[in-house]
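J.: One predicted model, sequence on top.
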Amino acid sequence: MEIRASMRDTMAKNRLCCCLLSFARLLERGRLSGLLFFLLAISGAAIGQTLVVASNAEHHIALINPHNFQVFARVPTGKGPHEIAVSRDGRLAYVAITGSGPGGEPGNTITVVDLKSRYVKTTFNLGSYTLPHDLRVSRDGKLLWVACAPSQKVLEIETRSGRIAKTWSINREGGWMLAPTPDDRKVYVANLEGGSISAINRISGETSIIPLNTGEIGIDVSPDGREVWVSNVQKDIISIIDTATDRVVASFPSGGKAAVRVKLTSDGKKALVAHRESKTLVLFDTAQRKAIAAIDLPDAPKVIAISSDGRRAYLTNPSVGSVTVIDLVASSVLGRFAVGKTPDGAAWSDAPLTGRSKVAFTIPEKDLIPEGMAYDPVTKTFFVSSTYKRKIVSIDRNGRARNFTSEAEDGLLGVVGMKVDPGRRLLWAISSHAGLNMPMKNMVEEEEGRSLVFKYDLTTGKLVKKYLLDNKPQKHFLNDLTINSAGDVLVTDTMGKAVYLISREKDELELFVKLDHSPNGIDFSADEKKLLVAIYGGSGVGFIDIDTRRFSDIAMPAGESFASDGLYFWRGSLIAVQPGNGEKIIARYVLNQEMNRVERIEVIEATHPAFQQPTTGVIAGKDFYYIANSQLQLFRRSFNPDGSYHADRLREVVILRVKL
């Protein structure tokens, strides 16, 4: 068997495969409207960009790959996230928190999200200033301007400390939306109820009022800083203000009904006006101040985000929980996709989306259907298990691969979790019969629910001993295992809702503890006093106290859940592989000192082009190696009762490596 050294062809194949699968899944769900979405997904699958959308009703922001339209992460915020501002480097998102809505507690915070690591970096408390609505970041990223309409103020906040450095009075009601000039010398505020625009001059310290009409809401400044475009939601007109004189120099119809937002492209050549009631997006030539296209939309739009190249626009549709995608070159609707309840604010980031993981090696056995990995630090050998072929493959330090075991050798079933005991020169492997949930060669129906643990001598490659859990009177599925420094082995039984022990002293498989939920991934804490376990149910993860054998949930941040396949303890945190359909990520869950609560979540990798149901991995030094495309779900769907399957649908096994 051969490990292929060239990665370019492999990654191209996997990228195409992932896009095809994404397209098929989204079509099945009715989330895409045409072939253009598919072509767009293929052409942009490797580009590092992010669309950020606030889900007002679900109290989080969704991070979306704008090229295949998958939500790859959701980051919890305060109640009622609204407008979003992204720093120029694309690294940080600032989210205005308006509160729980009419009759509820008004919000007074700004959630700051690290878009690279996908976690809440900090929260700015605004004190008595409530209902922050719109916000913008200064050019150098040091300041944040926040519109607080109830107090008729614009707050100037230092982004490093969250301190309110200055407050600007706008002297009119309804200052919900704002826009600074590119040089940050002025900030313009649209006063919805106040029928005017407030022009804050940060150099002179003065605020002037530009009279307009009740209903001014959408506002944006041209990239050259010369003009302010304002849309009126009640009178459906566009007003243009000269920033040199702060006077209205033009006014004309918006081209639709209820003009809720206006936004200019980065080159300043087009202005986009979204209309809520007529469900249209009107494009204007800014030089001629003339409408050049009117695009009918499937749903009522609200907030507009534009890609940095000016080729696409993304419009949130709060009433139906979707985002509509517009081709600004062809002036047409590309389609729409679901994003969550009541999407509101939206912003674009050019910060890298993925790409931290590199291909470590590939295995050209497309039907291997791998599930577990192990690593021997002494010989620098990797081991990869096969569920379908009922064997273990080893890859040495020179990239040479061979069968460590032959197919079904010594009664192997589908091989899942594995672990190396380097000091004792042992490889432990779990082998289970899960029926059609995990198809394998030459299945015997009567043996479904049998599970074994195999112990191999790493030096000779020979079997030392195997331990059996038969399927009578109860079916079992031994799944994953871990080893402590004394050589004791702990094994999860997912189907039996239990953890089993093979102590070095007794060398027998015995029940360690029964659980209320089904366990999966497992690992010891650094002091080996706690056994960390991923579970199906509860918070999704917890720990077993080794002395008392009592299980306790590990609390998750509000709005977050834990659904991990592999689980690995590393420097006070949990490294987890989460292969879910919508949010395929490798994440680090940072624990508190007591290890009973997750303090924050950092995404290590998200929606990598090679992902097709990522699964378990292994930590080797400071790197995490993991299976990017186990393809089990795909294989299961194509597997027939007679044992045949569609081999053409499978791809080479890709093992990725990422630095922790």
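T.: Happy to help now that I have it.

J.: This protein: helices as residue ranges?
T.: 8-28, 35-44, 632-638 (DSSP state H).

J.: Low-confidence ranges, this structure, go.
T.: The model of the chain has pLDDT under 70 over residues 1-48, 352-355, 558-559, 579-584, 607.

J.: Centre-most residue in the protein?
T.: With distances taken as C-alpha atoms, centre = their mean, residue 73 lies nearest the centre of the chain, 2.0 Å away.

J.: Could you list everything that one pairs with in the sheet?
T.: Beta bridges link residue 73 to residue 63, judged by DSSP bridges.

J.: From residue 51, how far out is it?
T.: From residue 73 over to residue 51 the distance is 12 Å, taken as C-beta to C-beta, to the nearest Å. Placement of C-beta: from N, CA and C, glycine included.

J.: which residues do these two both contact?
T.: residue 63 (C-beta atoms under 8 Å, 6 or more residues apart in numbering).

J.: Now stretch 398-406: buried residues?
T.: 401, 404, 405 (16 or more other C-beta atoms under 10 Å).

J.: Turn those residues into CSV, including distance to residue 476.
T.: Below are the buried residues of stretch 398-406 laid out as CSV (distance: C-beta to C-beta, whole Å):
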residue, distance to residue 476
401, 31
404, 24
405, 21
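
J.: Return the member of these nearest to residue 263.
T.: Using C-beta to C-beta, residue 401 comes nearest to residue 263 of these, at 53.2 Å.

J.: So that closest one sits against residue 392, correct?
T.: No: under the contact definition of C-beta atoms under 8 Å, residue 401 does not touch residue 392, with a separation of 11.2 Å.

J.: Pull the contacting residues for the closest residue in space to residue 74 that isn't next to it in sequence.
T.: Closest residue to residue 74 apart from its sequence neighbours, by C-beta to C-beta, 6 or more residues apart in numbering: residue 60 at 4.7 Å. With contact taken as C-beta under 8 Å, 6+ apart, residue 60 is in contact with 54, 74, 75, 76, 77, 81, 340, 559.

J.: In PyMOL, select just the buried ones from those.
T.: Command for PyMOL that selects the buried part of these, burial taken from 16+ other C-beta under 10 Å:
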select buried, resi 54+74+75+76+77+81+340
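
J.: between the contacts of residue 60, which is nearest residue 298?
T.: Minimum distance to residue 298 across the contacts of residue 60 is 17.4 Å, recorded for residue 340 (C-beta to C-beta).

J.: list the contacts for the closest one?
T.: Taking C-beta under 8 Å, 6+ apart as the test, what residue 340 contacts is 53, 55, 57, 58, 60, 62, 71, 74, 321.

J.: In those, find the pair that's most separated.
T.: Greatest spatial distance in the contacts of residue 340: 57 and 71, 15.2 Å, computed using C-beta to C-beta.

J.: one step back: now go through the contacts of residue 340 and say which are in strands.
T.: If you go by DSSP state E, the contacts of residue 340 have 53, 55, 60, 62, 71, 74 in strands.

J.: How much space separates the fourth one from residue 163?
T.: In this structure, residue 62 lies at 29 Å from residue 163, with C-beta to C-beta as the measure.

J.: Looking at the two, which has the bigger crowd around it?
T.: residue 62 (22 against 10; other C-beta atoms under 10 Å).

J.: you'd agree the residue nearest to the centre of the chain is up against residue 606?
T.: Yes: contact criterion C-beta under 8 Å: residue 73 and residue 606 qualify, at 5.7 Å.

J.: how many other residues sit next to the residue nearest to residue 437 when sequence neighbours are not counted?
T.: Leaving aside its sequence neighbours, residue 437 sits nearest to residue 636 (C-beta to C-beta, 6+ apart; 7.0 Å). The tally of other residues near residue 636 (other C-beta under 10 Å) stands at 14.

J.: Contact partners for residue 636?
T.: Shown in contact with residue 636 (C-beta under 8 Å, 6+ apart): 436, 437, 438, 439.
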